[in-house]
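J.: Sequence isn't available, so here's the structure alone:
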């Protein structure tokens, strides 16, 4: 009898892989280190997702439910892989709960870690209560409480969203672009404007990267329908005059210093490699790329191959990724392990 | 006996879908309107691909060969679907060559059409011989002849690459961003600098969208290792002083008009919806989105679903897309039709 596929991580990529494999009758064991499934969109309480506008709890929550209802998927939460050994078709994983799993192949969908804004202290996070992150604003919206200043609960009249916090920033060792923060910020800006029509929302950017069809749906729509204002700027610091937060920087389009007061400042935080990647790399014997994400082979021959045969990777474990593309990669990796299984059978 | 999967289009997405389905023993019929397989990377003669640096003729050529060697894939080139009817599990397609194909499901991988630069006449294409497109430069490189001025065959000393030609341009009805031209242009700029170390290469941009890990591999590398120069500018026109091409515009970072002479000007052309999309939409009874690309359902429940059950879509048919993501979507759509097949069997 064939062995199951071991899936590491229950975020969008892992859920997609597990669901599609189960649908074609392939058994899976899904191991998730957190206590519940869903990955960042569920665990961090995202609000409406790019690009569908569906609530994360419905969209990704639906994916969780489908996997939990699948008899072909054995879900183990609060669990990690402690030891891993074997060859394609014949792997064994020892789990942190003492169980052991024999697996035909593995799909690593271990995701990313949100950048911690305390690593960018000059932009006020940790110093001023009303400096928050995009994730915190998502949580305010998804909790249904509206966007309010944490210091006193008032409705903000002026909100600044600062892009590239923990991205494209060599000073703090984050050279990469986090790919989706521009679009997510534009989405959040529209949500704030929708709830608080009198609130002015400014987005401070280096380059606006609403690529592909996001250009219409986010960049243009946010400006034209929602009057969100975009400022190309190099930000120096976020301070306070005792009453308002003060964003100081240089408007790089007019080459002039700008100092603007705000009620709330939002850090559009980037995507770091999963903090556990060194451990994951060591346990599974797979290589990391230069920034610490999991290295993936070219896609011309196989999908999501890592440096170790039989071990695949999908989603933001490979680098900053959108939810849609993470899901797609999960399905594609599922297809790859099916193809492997066929090869093993005929071998 | 189960029917084959009908795949429309033999570019990266279609090749990926066909190969993975064949590998698990699922028969496919691949219908391609052109006389050979490979899609844009092969038919338009691309050079080294983003992000692997492999030659298109090797990377995508290898995908073509694998599909042609697959006995489970029946390839029909120079052929289109003339008529299409039926329901999931029971479709019939009448082909332009008179054949008829019964199919269980369909994956539309009909790709895009390169923007035609004659639609942007003020930027000199069609007027001056030495104004060319990124595709033409790719062809010069892949043909092994080096980058030369078409007018007299000389090596250019100064090359300007103009981004967003046929993208982000409402005046000509192209509001969307073509997603990958920034990175491709950065790649081409490095290839020119590698072959012609004395040549100065400038990239004129609105926003540099080398998203995700491309930031390191293209944006930084092109500036630091290859001394490619980036100018944020609004371009007014490309003219000639009889000897050199003259690019006139406004440097939007210093708000000053700039006029610079060049030997060669390269249009980084965008991705239009496939010109055949209205016909494809009509034939297959599937909806197009607002810009004319094929509309795709959300990805939380299924992969690449169109508005018609049993008909899927993958790759740049859905909007501007990278080659890697097109391949991934092809594999994911293959997974979706396998899941469908299972559902049909158990129904």
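T.: Perfect, I can see it now. Predicted model only: the values in this text are computed from it and were never measured.

J.: how many neighbours does the residue in the stretch 1-150 of chain A that chain B sits nearest to have?
T.: Relative to chain B, the nearest point of the stretch 1-150 of chain A is residue A:23 (4.0 Å; CB to the nearest CB). (Each C-beta comes from the backbone N, C-alpha and C, glycine too.) For residue A:23, the neighbour count with other CB atoms under 10 Å in any protein chain shown is 21.

J.: Could you report the pLDDT at the nearest residue to it once chain neighbours are set aside?
T.: Closest residue to residue A:23 apart from its sequence neighbours, by CB to CB, 6 or more residues apart in numbering or on different chains: residue B:339 at 4.0 Å. For residue B:339, the pLDDT comes out at 92.

J.: For the residue of the stretch 1-150 of chain A closest to chain B, give me its contacts.
T.: B:339, B:342-343 (CB atoms under 8 Å, 6 or more residues apart in numbering or on different chains).

J.: which among these gets closest to chain A?
T.: The closest of those to chain A turns out to be residue B:339 (CB to the nearest CB; 4.0 Å).

J.: check which helix or strand covers that closest one.
T.: Using DSSP states H and E, residue B:339 maps to helix B:323-346.

J.: again with residue A:247
T.: strand A:245-251.

J.: Any idea how far that strand is from the middle of the chain?
T.: Its chain's C-alpha centre and that of strand A:245-251 lie 28 Å apart, by CA atoms, centre = their mean, to the nearest Å.

J.: before we move on, what about stretch A:213-220?
T.: That offset, for stretch A:213-220, works out to 20 Å (CA atoms, centre = their mean).

J.: and it, does that touch chain B?
T.: Yes - counting by CB under 8 Å from any CB of the partner chain, chain B has neighbours in stretch A:213-220: A:213-216, A:220.

J.: that's a helix at residue A:278, yeah?
T.: Yes - Residue A:278: assigned to a helix according to DSSP: H, G, I helix; E, B strand; the rest coil.

J.: what sits against it?
T.: Residues in contact with residue A:278 (CB under 8 Å, 6+ apart) are A:288, A:292.

J.: sorry, back to before: quick check: which helices or strands does the strand holding residue A:247 pack against?
T.: Where contact means 3 or more CB pairs under 8 Å, 6 or more residues apart in numbering or on different chains; DSSP states H and E, strand A:245-251 is packed against strand A:158-165, strand A:229-240, strand A:256-262, strand A:264-269.

J.: go again using 7 Å as the cut-off
T.: strand A:229-240, strand A:256-262 (3 or more CB pairs under 7 Å, 6 or more residues apart in numbering or on different chains; DSSP states H and E).

J.: What residues sit buried inside the helix holding residue B:339?
T.: By neighbour count on 16 or more other CB atoms under 10 Å in any protein chain shown, the buried set for helix B:323-346 is B:323-341, B:344.

J.: wait, is residue A:107 part of a strand?
T.: Yes - remark: residue A:107 belongs to a strand, assigned using three-state DSSP.

J.: Retrieve the pLDDT associated with it.
T.: Per-residue confidence (pLDDT) for residue A:107: 98.

J.: wait, it sits on residue A:17?
T.: Yes - using CB atoms under 7 Å, residue A:107 is in contact with residue A:17, at 5.0 Å.

J.: Overlap in contacts, the two.
T.: Here residue A:107 and residue A:17 have A:7, A:314, A:333 as joint contacts, going by CB atoms under 7 Å, 6 or more residues apart in numbering or on different chains.

J.: I'd like those as a markdown table, with pLDDT and distance to chain B appended.
T.: Formatted as a markdown table, the shared contacts of residue A:107 and residue A:17 follow (pLDDT from 0 to 100; distance: CB to the nearest CB, whole Å):
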| residue | pLDDT | distance to chain B |
| --- | --- | --- |
| A:7 | 98 | 14 |
| A:314 | 98 | 9 |
| A:333 | 98 | 8 |
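
J.: Distance from the chain centre to stretch A:32-42, please.
T.: The chain centre lies 12 Å from the centre of stretch A:32-42; the measure is CA atoms, centre = their mean.

J.: I'd like to know the average pLDDT value across that stretch.
T.: 98.

J.: buried ones in that stretch?
T.: Buried residues in stretch A:32-42, defined by neighbour count with 16+ other CB under 10 Å: A:32-33, A:37-42.

J.: Looking at those residues, which two lie furthest apart in space?
T.: The span of the buried residues of stretch A:32-42, defined through CB to CB, is set by A:33 and A:41 at 16.3 Å.

J.: ok, now which ones touch the residue nearest to residue A:23?
T.: Under the criterion of CB under 7 Å, 6+ apart, the contact list for residue B:339 reads A:20, A:23-24.

J.: Go through the residues you listed and flag which are in helices.
T.: If you go by DSSP state H, the contacts of residue B:339 have A:20, A:23 in helices.

J.: between the contacts of residue B:339, which is closest to residue B:100?
T.: Using CB to CB, residue A:24 is the member of those that lies nearest residue B:100, at 28.5 Å.

J.: Take the buried residues of stretch A:32-42 and write them to CSV, including secondary structure and distance to residue A:303.
T.: What follows is the buried residues of stretch A:32-42, written out as CSV (DSSP: H, G, I helix; E, B strand; the rest coil; distance: CB to CB, whole Å):
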residue, secondary structure, distance to residue A:303
A:32, coil, 22
A:33, coil, 24
A:37, coil, 23
A:38, coil, 24
A:39, helix, 20
A:40, helix, 22
A:41, helix, 23
A:42, helix, 25
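
J.: okay, those residues in a markdown table with distance to residue A:3 next?
T.: Formatted as a markdown table, the buried residues of stretch A:32-42 follow (distance: CB to CB, whole Å):
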| residue | distance to residue A:3 |
| --- | --- |
| A:32 | 20 |
| A:33 | 22 |
| A:37 | 22 |
| A:38 | 26 |
| A:39 | 25 |
| A:40 | 29 |
| A:41 | 30 |
| A:42 | 29 |
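
J.: Run through those residues and flag the ones next to chain B.
T.: Among those, not one lies near chain B by CB under 7 Å from any CB of the partner chain.

J.: Take the residues of stretch A:213-220 next to chain B and keep only those in helices.
T.: The helices, defined by DSSP H, take in residue A:214 from the residues of stretch A:213-220 next to chain B.

J.: In CSV: the residues of stretch A:213-220 next to chain B, plus pLDDT and neighbour count.
T.: Rendered in CSV, the data for the residues of stretch A:213-220 next to chain B read as follows (pLDDT from 0 to 100; neighbours: other CB atoms under 10 Å in any protein chain shown):
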residue, pLDDT, neighbour count
A:213, 98, 21
A:214, 98, 26
A:215, 98, 25
A:216, 97, 18
A:220, 97, 17
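
J.: ok, the residues of stretch A:213-220 next to chain B vs residue B:242, which is closest?
T.: Using CB to CB, residue A:215 is the member of those that lies nearest residue B:242, at 38.1 Å.

J.: so that closest one touches residue B:176, yeah?
T.: Yes - proximity of residue A:215 to residue B:176 meets the contact threshold set by CB under 7 Å, at 5.2 Å.

J.: Hmm, residue A:214 is touching residue A:184, no?
T.: No - contact criterion CB under 7 Å: residue A:214 and residue A:184 do not qualify, at 9.9 Å.

J.: For residue A:304, grab phi and psi.
T.: The phi/psi pair for residue A:304 (degrees, to the nearest 10) reads phi 60, psi 30.

J.: How about residue A:76?
T.: Residue torsions, per degrees, to the nearest 10, at residue A:76 are phi -130, psi 110.

J.: Next, find the distance separating residue A:195 from residue B:241.
T.: Relative to residue B:241, residue A:195 is positioned 56 Å away (CB to CB, to the nearest Å).

J.: can you tell me which residues contact residue A:344?
T.: Counted by CB under 7 Å, 6+ apart, residue A:344 has contacts A:88-89.

J.: where does residue A:58 fall, helix, sheet strand or coil?
T.: The three-state assignment at residue A:58 reads helix, by three-state DSSP.

J.: In contact with it, which residues?
T.: With contacts defined as CB under 7 Å, 6+ apart, residue A:58 has no neighbours.

J.: per-residue pLDDT, it?
T.: Residue A:58 carries a pLDDT score of 98 in this model.
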